[in-house]
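>>> coords please:
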Amino acid sequence: MTAHRTVLASALTAGVVAATGFGGVDLSPATAPTPGGHIDSGAVLAAPAIRPANASQPLVATASPTPNALYAGAVETAPATGPIEPNRAPDVRTAVDSENDIATTAKRDIPAFILPTSFAAATTPTGSSRIGEASAAAAEPVPFDPQVLFGPGGLLIGDGIEPGANGGLLGGNGAAGAPGQKGGNGGLLFGNGGRGGDGVNGGPGGAGGKAGLIGNGGAGGNGDLGGRGGDGGDAGVIGNGGKGGTGGTNTDSGSSSNYGGAGGRGGNGGVLGGSGGDGGAGGSGLSTDDRQAGGAAGGDGGRGGLFGNGGNGGRGGDGDSATGDGVGGRGGQGGNSTNGNAGRGGGGGAAAGGTSSFGGSGGDGGSATAGGSGGTGGSGGSAQTDDGYSAGGHGGNGGRGAGAGPGGRGGDGGDGGSSSATSGIGRGGNGGDGGSGGIGSPGGSGGSGGTGTGSDSGSRNGADGSDG
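Here you go, the predicted model:
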């Protein structure tokens, strides 16, 4: 019974110390007893040295070694003989188990417990340095601002506000691009693409942004000083493609020739419904001396959707050189369609030159694949020269029609461009061929040849195109 009391008291004492976080006690092993005769009941054990409490030193509890089980049951602590004083251990007496006739003199170190006399008041934690705690400020809820998700610049639904920014994730219009920058895309579900920014310092225009599932593609930006026009943006499922940007005019490139920038391509219409965008016009080239000047090609028209028309091709740029050669740009191709009318080809650019000139050819008309009329071919560009050779551009061919009845007629061919030479040869351009019609539908008519005039006997008119 005595041994049980000793163990229980030791365990309770260690638990109290550990729970209070008090670390100023050194629980060192006791000095082993020396077997011998009976212990004088008035004997006093020496007190252990007391160390000041140190909160930073962890509590270490160690068991006192026992020579044998018999001795462990023989000794128990007696009540203290005096009051507990700071930095002094209480007097301890020992009891002897006379029943077992054990004569043992024991000197044992008894730890002196210095209990705290005051406790610090509880404080509110100011940070998250302790696990599971957070500051009061961090726990305060942050007010919800709906403009973060909805409205101009909203993450979910809203128009883009910064140059070239996209619309919201779900819906919204893309913003126009900065100079030379692509326009922003529309939102995933709905929204128009933003217009591309115009080029600067001879650079190209930015492309138009793409539309969402429902919406129109953005227009391409215009090129600057011979820069190419930006392409129009594509529509998603339902909507029209964006128009291609115009190529920049080139007045002085500093090189041996001056050519304008090409026009941008028109964007495609929506997959289910929508018309393709028109191609941008090609830029012109101008020269005040003997350098060659040339217009650039127009952009091709965009493709129509399942139900929708194809876009028209852009006109070719003009070429004009005071004492050199002038060359006109080719017209863009018309866009194709599925169930709708195909786009017409762009006209060729005009040319004028001091020594020779060549008009640009017209672009071919687009074709319909399921139902609709073919596109008309573009007309050839005219040409004029003072002293030399001059030739008008050829007309573009008409596109193929599709479907039964008059709705599937083939496109007409474009007319050839005229030419004139004050002193020299002038030849007109040939007309384009007409496109074939659908089942039971007529084909397109061929284009007329252009007139050619000049002082030389080799001047002549262009040939007419054949019917479809």
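>>> you'd agree Lys189 is up against Leu213?
You called it Lys, but residue 189 is Leu. Yes - using C-beta atoms under 8 Å as the test, Leu189 is close enough to Leu213 to be in contact (5.5 Å). Heads up, the C-betas are built off the backbone N, CA and C, glycines and all.
>>> what's the average pLDDT for stretch 218-238?
For stretch 218-238, mean pLDDT rounds to 98.
>>> with just CA atoms, put it into PDB.
The C-alpha trace of stretch 218-238 is given here as PDB (Å, rounded to 0.1, in the frame of the first residue of the first chain):
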ATOM      1  CA  GLY A 218     -13.500  42.800 -84.200                       C
ATOM      2  CA  ALA A 219     -12.200  44.800 -87.200                       C
ATOM      3  CA  GLY A 220      -8.500  44.800 -88.000                       C
ATOM      4  CA  GLY A 221      -6.500  48.000 -87.500                       C
ATOM      5  CA  ASN A 222      -5.100  49.900 -90.500                       C
ATOM      6  CA  GLY A 223      -1.400  49.700 -91.400                       C
ATOM      7  CA  ASP A 224       0.900  52.700 -91.400                       C
ATOM      8  CA  LEU A 225       3.200  53.900 -94.200                       C
ATOM      9  CA  GLY A 226       3.300  50.600 -96.100                       C
ATOM     10  CA  GLY A 227       2.400  48.400 -93.100                       C
ATOM     11  CA  ARG A 228       0.000  45.600 -93.500                       C
ATOM     12  CA  GLY A 229      -3.600  45.900 -92.400                       C
ATOM     13  CA  GLY A 230      -4.700  43.700 -89.500                       C
ATOM     14  CA  ASP A 231      -6.900  40.600 -90.000                       C
ATOM     15  CA  GLY A 232     -10.500  40.800 -88.900                       C
ATOM     16  CA  GLY A 233     -11.500  38.600 -85.900                       C
ATOM     17  CA  ASP A 234     -13.500  35.400 -86.300                       C
ATOM     18  CA  ALA A 235     -17.000  35.000 -84.900                       C
ATOM     19  CA  GLY A 236     -17.800  32.000 -82.600                       C
ATOM     20  CA  VAL A 237     -21.100  30.100 -83.200                       C
ATOM     21  CA  ILE A 238     -23.400  32.900 -84.200                       C
END
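>>> flag every buried residue along that stretch.
Neighbour counts over stretch 218-238 (16 or more other C-beta atoms under 10 Å) mark 218-238 as buried.
>>> out of the residues you listed, list just those in strands.
Per DSSP state E, strands hold no members of those.
>>> show me the contacts for Ser337.
Ser337 makes contact with Gly276, Arg303, Gly304, Gly308, Asn309, Gly310, Gly343, Gly366, Ser367, Ala368, Thr369, Gly372 under the criterion C-beta atoms under 8 Å, 6 or more residues apart in numbering.
>>> repeat for Gly183
Counting by C-beta under 8 Å, 6+ apart, Gly183 touches 164, 174-177, 193-197, 206-209, 218-219, 221, 233.
>>> which one is it nearest to, not counting chain neighbours?
The shortest distance from Gly183 to any non-neighbouring residue, by C-beta to C-beta, 6 or more residues apart in numbering, is to Gly194 (3.1 Å).
>>> next, count neighbours for the one you found.
33 (other C-beta atoms under 10 Å).
>>> does it touch Gly218 like I think?
Yes - with contact defined as C-beta under 8 Å, Gly194 counts as touching Gly218 (4.8 Å).
>>> what touches both of those two?
Gly174, Ala176, Gly183, Gly184, Gly208, Gly209.
>>> want to throw these into a markdown table with secondary structure?
Output for the shared contacts of Gly194 and Gly218, formatted as a markdown table (DSSP: H, G, I helix; E, B strand; the rest coil):
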| residue | secondary structure |
| --- | --- |
| Gly174 | coil |
| Ala176 | coil |
| Gly183 | coil |
| Gly184 | coil |
| Gly208 | coil |
| Gly209 | coil |
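>>> dump those into JSON lines; add distance to Gly168 and pLDDT as well.
Shown next, in JSON lines, are these (distance: C-beta to C-beta, whole Å; pLDDT from 0 to 100):
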{"residue": "Gly174", "distance to Gly168": "10", "pLDDT": "97"}
{"residue": "Ala176", "distance to Gly168": "16", "pLDDT": "97"}
{"residue": "Gly183", "distance to Gly168": "16", "pLDDT": "98"}
{"residue": "Gly184", "distance to Gly168": "11", "pLDDT": "98"}
{"residue": "Gly208", "distance to Gly168": "19", "pLDDT": "99"}
{"residue": "Gly209", "distance to Gly168": "13", "pLDDT": "98"}
